[in-house]
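Undergrad: quick one: sequence and predicted model below, then my questions.
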Amino acid sequence: MNYQSVKVRDAMRQISQNEIYLPAIQRKFVWDQERIEKLFDSIMRGYPIGTFLFWFVEGKAKDDYTFYKFIQDFHERDNAVNQVAPKPDLRDEFIGVLDGQQRLNSMYVALQGSYAAKRRHGRWNDDKAFPRKMLYLNLLFQSTAESESGIEYEFSFLTPEQATVVDESHYWFLVKDALAWDAISPVFRVISEAAAANPLISTALSTTAAPVLSLLWQRLCADDVINYFKIAEQDLDRIVDIFVRVNSSGVQLSKTDLLFSTIVAHWDEGRSSIEAALKTLNAKGNRFEFDNDFMMRSCLVLTDLPVLFKAKSFRKESIEAIEQNWDSIKAALEKTVDLLVAWGFSVETLPTLNAVIPIAYFAYKGGDLAASNAALRQYLTRALINQIFASQTDRVLAAIRDHLRVQPVSGTHYELRTKRLAVTDIVDIKLPGERSLAMTDEDIDELLDAQKGPYTSMLLALLYPHLRYEQIIFHQDHLHPWSQFSRKKLESIGVSEGEVQKWQEDRDRLPNLQLLEGSENQSKNDSPLETWMNTLGASRAHYEQSNYIPVGVGLSLAEFPTFFNARKDILRAKLQHAFSG
């Protein structure tokens, strides 16, 4: 890529003649009047205003993607969002602005349109609260070193009435008028006419205003102010990647943000519909954090669209399919998250959101959730533990979806292979690479050494299937309390210095963990296990059975290794049974 340049006036003409547009990946226009005024002060002073990135669009790229028009007359209430450019209006070749939208649209508003922001204390339903203003330059302004504003040239958005104020320090010139001059000579005519109409300030106009107005014309119409890189790449996903890498104005956007903008461009209610659905999903149970990335991938998978998370997957016809099926998509996702809650999952125990999508696909296609409950739960637990979504997410989702559905004889309507899943249906899924949903005895032995976290939580949920996770919040709790494993405490009961670390590591492993209801966990607090058990009275036997406490094994801290290994054997057998289906 090489630097090229263009004059401000020429760029404004190109926008007016539909030669420059904004790709839908761009944000909405957000610059306020003060920032635009300072931009023009920088232009006048010859300061750099940043490099622009121009995408030279040609061929089928214009049909595969959505472009916005520039805002000409900005109105904070009525015209604050860029309008989609109709396909018939697009030329065979044009420019898409990848970086520099805010600066370029600011220039267009200032030099070709107007700015209407709500007055302070004005009412939103009052039309008069939004005065239409245009950009003026004060030709008599003289900056001083003591000036707090730091500006050298006073630009200001004013109403025509405000711009009529003339005195020793104010003479306002409508900036866009300078663009009509092919040469600098009209400057002197304008100054001469102004001096004749305002004899009291004629000297100031001749000495101060003439150089300022001459410089304005020079900067806007003669100098190559806009420096840009030219990109001729036509692949939309490459363009999105370039945008993510180079865009530096304001808050950084992710690829998800940019692709999401293409949905909004074609679906008027897309943003509000998706945001409302996410709010509903995330409020279920003990809270979740589903996001736009999850929702967009879900839409692609559920509607049997290409799973690739790329710009070409979100073309207009694809988004129309999502919009038409939105109610069914939302219902399937809600049913799915209700299952997650019933299985004991929450934001803290769901490390990979994409693992949930195949369950939603099964629900969307009319699968029997009640009859398939055990198999679906097995799928999710295995998928998370085996980390099958650690990479190549699109390929993994496509493989699972292909396993669940039957290829149609004709058309594009897919049906489920079976509406009642068994665990064997899950284990048999062929995944890319060496991934697998199988769970061997060796895998279970590794799981028994897992330390407290999301994975131990989902394993405990399998071991405690009778708990009402959708009604009560349960905590992972240490059987032998965490506080009992200080170095000082362990050495006091005879643990050697070399063994202290192993005891502390085993303290946080699965064989020393259980699930307790929140209030019960608080009452147990830091009580030694032996002391706690002795307070249970008649309920002790039930507690031992439901929490897999080994019988005939001492419960004092000094006997922790024996207790740990005995409970590990019990949990191994239980997990082997659980994963057998």
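TA: Cool, the structure landed.

Undergrad: could you export the longest helix along the chain as PDB, CA atoms only?
TA: For the chain, the longest helix by residue count, based on DSSP state H, is helix 560-579. Only the C-alpha atoms of helix 560-579 are listed here, as PDB (Å, rounded to 0.1, in the frame of the first residue of the first chain):
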ATOM      1  CA  PHE A 560      -6.700 -36.600  55.200                       C
ATOM      2  CA  PRO A 561      -4.600 -38.700  52.700                       C
ATOM      3  CA  THR A 562      -6.500 -41.900  53.600                       C
ATOM      4  CA  PHE A 563      -9.800 -40.100  53.400                       C
ATOM      5  CA  PHE A 564      -8.800 -38.500  50.100                       C
ATOM      6  CA  ASN A 565      -7.800 -41.700  48.400                       C
ATOM      7  CA  ALA A 566     -10.800 -43.600  49.700                       C
ATOM      8  CA  ARG A 567     -13.300 -41.000  48.400                       C
ATOM      9  CA  LYS A 568     -11.300 -40.800  45.100                       C
ATOM     10  CA  ASP A 569     -12.000 -44.500  44.600                       C
ATOM     11  CA  ILE A 570     -15.700 -43.900  45.200                       C
ATOM     12  CA  LEU A 571     -15.900 -41.000  42.800                       C
ATOM     13  CA  ARG A 572     -14.000 -42.900  40.200                       C
ATOM     14  CA  ALA A 573     -16.600 -45.600  40.200                       C
ATOM     15  CA  LYS A 574     -19.500 -43.100  40.200                       C
ATOM     16  CA  LEU A 575     -18.000 -41.100  37.300                       C
ATOM     17  CA  GLN A 576     -17.400 -44.300  35.300                       C
ATOM     18  CA  HIS A 577     -21.000 -45.200  35.700                       C
ATOM     19  CA  ALA A 578     -22.200 -41.600  34.900                       C
ATOM     20  CA  PHE A 579     -20.200 -41.500  31.700                       C
END
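
Undergrad: just checking, what packs against it?
TA: helix 441-447, helix 454-463, helix 500-507 (3 or more CB pairs under 8 Å, 6 or more residues apart in numbering; DSSP states H and E). Quick note: C-beta positions are derived from backbone N, CA and C, even for glycine.

Undergrad: flag every buried residue along it.
TA: By 16 or more other CB atoms under 10 Å, the buried positions in helix 560-579 come out as 560, 563-564, 566-568, 571-572, 575, 578-579.

Undergrad: all the helices of the stretch 1-150 of the chain, residue numbers only.
TA: For the stretch 1-150 of the chain, helices defined by DSSP state H, counting those that start in this stretch occupy the ranges 8-16, 33-44, 61-64, 101-112.

Undergrad: looking at the protein, which residue ends up farthest from its center?
TA: residue 199 (60.1 Å; CA atoms, centre = their mean).

Undergrad: check the gap between that one and residue 166 for me.
TA: 11 Å (CB to CB, to the nearest Å).

Undergrad: for the chain, name the helix or strand with the lowest mean pLDDT.
TA: helix 518-524 (a mean of 55; mean pLDDT, DSSP states H and E).

Undergrad: show me the shaky parts of the stretch 451-581 of the chain.
TA: Low-confidence segments of the stretch 451-581 of the chain (pLDDT under 70): 518-525, 581.

Undergrad: quick one, strands of the stretch 201-350 of the chain?
TA: Per DSSP state E, counting those that start in this stretch, the stretch 201-350 of the chain carries strands over the ranges 226-231.

Undergrad: tabulate the buried residues of helix 560-579 (a markdown table), appending distance to residue 535.
TA: Below are these laid out as a markdown table (distance: CB to CB, whole Å):
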| residue | distance to residue 535 |
| --- | --- |
| 560 | 20 |
| 563 | 18 |
| 564 | 22 |
| 566 | 22 |
| 567 | 20 |
| 568 | 25 |
| 571 | 24 |
| 572 | 29 |
| 575 | 29 |
| 578 | 30 |
| 579 | 35 |
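
Undergrad: from those, which is closest to residue 466?
TA: For those, the minimum distance to residue 466 (CB to CB) is 12.9 Å, reached by residue 578.

Undergrad: list the contacts for the closest one?
TA: 462-463 (CB atoms under 8 Å, 6 or more residues apart in numbering).

Undergrad: also residue 326?
TA: residue 273.

Undergrad: all strands of the stretch 351-500 of the chain, in order?
TA: 405-406, 415-416, 474-478.

Undergrad: not counting the first one itself, show me its contacts.
TA: The contact list for strand 405-406, computed with CB under 8 Å, 6+ apart, reads 304, 365, 414-417.

Undergrad: apply 7 Å and report the result again.
TA: Identification of contacts with strand 405-406 by CB atoms under 7 Å, 6 or more residues apart in numbering yields 414-417.

Undergrad: now do it, average pLDDT.
TA: Mean pLDDT, strand 405-406: 93.

Undergrad: wouldn't residue 81 be in contact with residue 28 here?
TA: Yes. Counting by CB atoms under 7 Å, residue 81 does reach residue 28; the two are 5.6 Å apart.

Undergrad: the more surrounded of the two?
TA: Shown here are residue 81 and residue 28; by other CB atoms under 10 Å, residue 28 has more neighbours (15 against 11).

Undergrad: number of nearby residues for residue 428?
TA: By the measure other CB under 10 Å, the count of residues near residue 428 is 11.

Undergrad: ok, now which ones touch it?
TA: When contacts are counted by CB under 7 Å, 6+ apart, residue 428 touches no other residue.

Undergrad: what distance separates the opening and closing residues of stretch 205-214?
TA: 12 Å (CA to CA, to the nearest Å).

Undergrad: same check on stretch 343-352?
TA: 16 Å.

Undergrad: what comes into contact with it?
TA: So stretch 343-352 is contacted by 285-289, 377, 384, 389, 454, 457-458, 461, 467, 469, 474 (CB under 7 Å, 6+ apart).

Undergrad: would you map out the domains in this structure?
TA: As given by automatic domain parsing, the domain ranges for the chain are 1-251, 255-438, 476-579.

Undergrad: out of those domains, flag the one nearest residue 449.
TA: Closest among the domains of the chain, once you apply CB to CB, is domain 476-579, at 5.8 Å.
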